[in-house]
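Enquirer: okay, sequence plus prediction incoming.
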Amino acid sequence: MKALSQKRRHPLAAIALLVLGLMLTGGLYAVVTTVNQAKADTTTFTAGQAHEGEKLFVANCATCHGLGAKGTENGPSLAGVGAAAVSFQVGTGRMPMQMQGPQALQKPAQFNADQTNELAAYVATLGNGPGIPEAQYLDGKGDATKGGELFRVNCAMCHNAAAAGGALTRGKFAPALAGVSNDHIYEAMVTGPQNMPVFNDANITPEGKRDIITFLNTIEHQGSPGGAALGSLGPVSEGLFLWTAVLGVVIGFTVWLTSRTS
Amino acid sequence: MSSATQSPYKAKTSTGRITDFVDQRVGGSGILREFGRKVFPDHWSFMFGEVALYTFVILLLSGTFLTLFFDPSMAETHYNGSYVPLKGLQMSVAYDSTLNISFDVRGGLFMRQVHHWSALLFVAAVSVHMLRVFFTGAFRKPRELNWVVGGILLIMSMAEGFTGYSLPDDLLSGNGLRIIDGVIMAIPVVGTYISFFLFGGEFPGTVIISRLYMFHIMLIPAIILLLVAVHLFMVVVHKHTQYPGPGRSDRNVVGYPLGPVYAAKAGGFFFIIFGIIAFVAALFTINPIWNYGPYDPSPISAGTQPDWYIGWVDGALRLMPGWLFNIPMEWNIPLPWGVNTLSLNILLPALVPAGIVFILLFTYPWIERWVTRDDREHHVLDRPRNAPTRTAIGVSGFIFYCVMWAAASSDLIATHFQVSLNDVTYWLRALFFAGPILGFIVTKRVALALQRKDREIALHGRETGRIVRLPHGEFQEMHAQLDDYKRYRLVSYESPVAEEGIPNENGIVTKTEKRRAALSRFFFEDRVAPATPAELEAGHGHHEAIESAEEHKPVSRY
């Protein structure tokens, strides 16, 4: 103890303290992030898949993402994005991108499920990231009420309370969620594609994600209880419908009522 | 009792006797004589006031049904109804009862949708009716006060709509209330106090729904009913206006009497409107509150908009920048009692455009009256083209409104037309200032051009496209002359001339008078005078030879 107090004015003491502090926070951060990711990284791929994936990657993706997926000015590095990101981006047809724009648009998928898995296997070898989600969270048998609450608090501000989609700045947008498969919804939450934030397991637990998926499945399959939903876009589509269709019919009747027989 | 006090008339049937009994006591036949012989001119554009009246009746009927099941309490409860994705969720009793109306009361969802769709149609009909009245000049003497009553009715309808869609206490209505709360709090000095009084404490509090309910089902409907009575009474007193035409003047009304023709038409029309609304309510969902979930101050949904009639105010708020270049729109002003915040970024868009629109709307009849110094009664309407400046002002205001209206849906414009939300906002900001001016210029020119076309047709007839070669070799196009009835419509309008300032009794042209003269020039400097009888005479003479040659082949194309 005495030795420590004697050396506290040593020229290197401040540096030692700084190093100690940095190592402590850095170590804690590393522990916390691996805790978050530990659950996600479950699916294991074979070396053969990764090898085939690399070939596909070089032929189809390296133009923008660079050889070894190190990234170019046209596309980011893919180290650490994880298999889930590949499964989402390639599986929904967003990648390979049709053209550069505010965000990658969905289109018919260019690769089949096997090829997508091979690409995912290759990208997973580049660095630790969220893996393909476990089937137990994708069954859509969670709690729809809880999922609805989580959806309204976390997702509705961009995706709309009825998951009909919404606008973001400068031409970007949050797409409608009808017709999106459960694994893609889960993968989007853990990887945060395009402009979407990442909802990691500390933010929304896997059970919570399962509830959200359940909620989305429920509202998609129940249909609209009140008749045609007019896009579930709220008062704007209602007002537009009233001013065009309803008022049009009303005017038609007024013309008919005041017309003369001739 | 002598027999002299008895009525000399004795009805033959029992129905007749009962009718006579009632008539002798309430004077029904007098009322029927007055109202039954009120003449309505035939024109489809005269029917929107009726649409408004009928939708209001539908609102009263469906609203009464809803009050049987709605509970405006903000007490907390857990949902236990049929809608699965909300089961067990904590919510207010108001939202719970609205969900029960939608899913567990027989016919409840249909009645809710009838109520909401007819509310949208009600305000739309009021607005279209007002546009018709404005563009045809029906607000002129003696109807200025009825125009004001109509304007108050419009504001009341908006208030009725707003208080109504705020009642379910779902996320959407709560978001709307939060915006209103923000606007109220932006009022300097007293804003926060008003907000606290209105919400009974900090937003959202526990009283606002029941307070709005009182406004919605009692106070505002009562005011609307009273004003509707005043409005209709004045309509009867003033008689109906009519479009110009042969045999129509400011001293008569040409049309069918209320009884029996219009009574049947109007009665039938009520059921047509009810039918349209029932059809739409049965097939198209409106305000699906189950989508939005219970109100909670933290979440908000994309695509959160008010109903259409409040949209323009929401749009103005969306257009307003928080900073103008390097100047902030929010100021903290130190005052002796503390710092007050002046939130111009909310105050300006929330109050100024609405203020401009409503002040102009209410004062316009007097502005025009002052400019024209016209004190005559007008029962014959103007065709919009024959009052070019008024029509241009109307279109200008309409565009001003529509730009803000469009701005309320800027996010949906961006997603559905795949353009940038920022660009939509920039364009609409530009149009907010430029649109009304461009609209004014274009409309005025179009109106003047149409007047010139009318004048041309009145003087020379319509071009038939038939080219005739005359004996000396000249080619001429045949013109078909209008018949007198059609021509009357084109030449019978008034076209005031711009007036110089008139000196007062001291021989001085006052400043006010000069201003009036300037406005008069603004209104009437550009004018197309209607063809005079002398001009018509001369115009006919010009082609007389050809016409007489072609007389056996009359061309009638309109």
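Expert: Yep, that arrived.
Enquirer: show the contacting residues for the nearest residue to A:A167 once chain neighbours are set aside.
Expert: Here the nearest residue to A:A167 in space, its sequence neighbours aside, is B:D411; by Cβ to Cβ, 6 or more residues apart in numbering or on different chains that works out to 3.8 Å. (C-beta placed from N, C-alpha, C; glycine too.) Residues near B:D411 by Cβ atoms under 8 Å, 6 or more residues apart in numbering or on different chains: A:G166, A:A167, B:A302, B:G303, B:L421.
Enquirer: state the number of residues packed around the residue lying closest to B:G191 once chain neighbours are set aside.
Expert: Once flanking residues are discounted, B:G191 sits nearest to B:M185: 4.5 Å by Cβ to Cβ, 6+ apart. By other Cβ atoms under 10 Å in any protein chain shown, the residues close to B:M185 number 18.
Enquirer: with A:P197 instead?
Expert: Should you count by other Cβ under 10 Å, A:P197 turns out to have 10 residues around it.
Enquirer: just the element for it, please.
Expert: Under the criterion of DSSP states H and E, A:P197 resides outside all helices and strands.
Enquirer: do B:R248 as well
Expert: Here B:R248 is assigned to no helix or strand, by DSSP H and E.
Enquirer: isn't it right up against B:Q242?
Expert: Yes: B:R248 lies in contact with B:Q242 (Cβ atoms under 8 Å); the separation is 5.2 Å.
Enquirer: identify the contacts common to these two.
Expert: Shared contacts of B:R248 and B:Q242, defined by Cβ under 8 Å, 6+ apart, comprise B:V254, B:V380.
Enquirer: these two: which is more packed in?
Expert: Taking neighbours as other Cβ under 10 Å, B:R248 and B:Q242 compare with B:Q242 leading, 24 against 21.
Enquirer: please name the bridge partners of that one.
Expert: Taking DSSP bridges as the rule, B:Q242 bridges to B:V380.
Enquirer: give me the pLDDT value at it.
Expert: Each residue has a pLDDT score; the one for B:Q242 is 90.
Enquirer: quick one, what contacts it?
Expert: When the contact criterion is Cβ under 8 Å, 6+ apart, the partners of B:Q242 are B:P41, B:H43, B:R248, B:V253, B:V254, B:G255, B:H379, B:V380, B:L381.
Enquirer: now do the contacts for the third one.
Expert: Under the criterion of Cβ under 8 Å, 6+ apart, the neighbours of B:R248 are B:Q242, B:V254, B:V380.
Enquirer: go on, the second one?
Expert: B:H43 makes contact with A:T258, B:Q242, B:Y243 under the criterion Cβ under 8 Å, 6+ apart.
Enquirer: same question, the fifth one
Expert: For B:V254, the contact set (Cβ under 8 Å, 6+ apart) comprises B:V39, B:P41, B:Q242, B:G245, B:G247, B:R248.
Enquirer: please repeat the previous calculation with a cut-off of 6 Å.
Expert: B:P41, B:Q242, B:R248 (Cβ atoms under 6 Å, 6 or more residues apart in numbering or on different chains).
Enquirer: just the closest of those residues to chain A, please.
Expert: Within the set of the contacts of B:V254, B:P41 lies nearest chain A; the separation is 8.9 Å, counting by Cβ to the nearest Cβ.
Enquirer: leaving out sequence neighbours, find the closest residue to that closest one.
Expert: B:G255 (3.7 Å).
Enquirer: just checking, that neighbour touches B:K38?
Expert: No: distance between B:G255 and B:K38: 9.5 Å, which falls outside the contact criterion (Cβ atoms under 6 Å).
Enquirer: the two: who's more crowded?
Expert: Neighbours around B:G255 and B:K38, counted as other Cβ under 10 Å, are more numerous at B:G255. The numbers are 19 against 16.
Enquirer: residues contacting that one?
Expert: Applying Cβ under 6 Å, 6+ apart to B:G255 gives the contacts B:V39, B:F40, B:P41, B:D42.
Enquirer: give me the residue from chain B nearest chain A.
Expert: Of chain B, the residue with the smallest distance to chain A, taken as Cβ to the nearest Cβ, is B:A302 at 2.6 Å.
Enquirer: sec struct for that residue, please.
Expert: coil (DSSP: H, G, I helix; E, B strand; the rest coil).
Enquirer: just grab the bridge partners of the nearest residue to it once chain neighbours are set aside for me.
Expert: Taking Cβ to Cβ, 6+ apart, and ignoring the residues beside it in sequence, B:A302 has A:G166 as its nearest neighbour in space, at 2.6 Å. Beta-bridge partners of A:G166, counted by DSSP bridges, are A:A174.
Enquirer: I figured A:G166 hits B:Q305, correct?
Expert: No: taking contact to mean Cβ under 6 Å, the distance of 11.4 Å between A:G166 and B:Q305 leaves them out of contact.
Enquirer: where does chain B dip in pLDDT?
Expert: B:1-7, B:539-558 (pLDDT under 70).
Enquirer: B:I333 contacts B:N340, correct?
Expert: Yes: the pair B:I333 / B:N340 is scored as a contact, 5.2 Å apart, by Cβ under 6 Å.
Enquirer: looking at the two, which is more packed in?
Expert: Here B:I333 and B:N340 are set side by side on neighbour count (other Cβ under 10 Å), and the busier one is B:N340, at 14 against 10.
Enquirer: for the stretch 101-250 of chain A, which segments count as helices?
Expert: A:113-124, A:144-154, A:156-159, A:182-191, A:206-222, A:235-241, A:247-258 (DSSP state H, counting those that start in this stretch).
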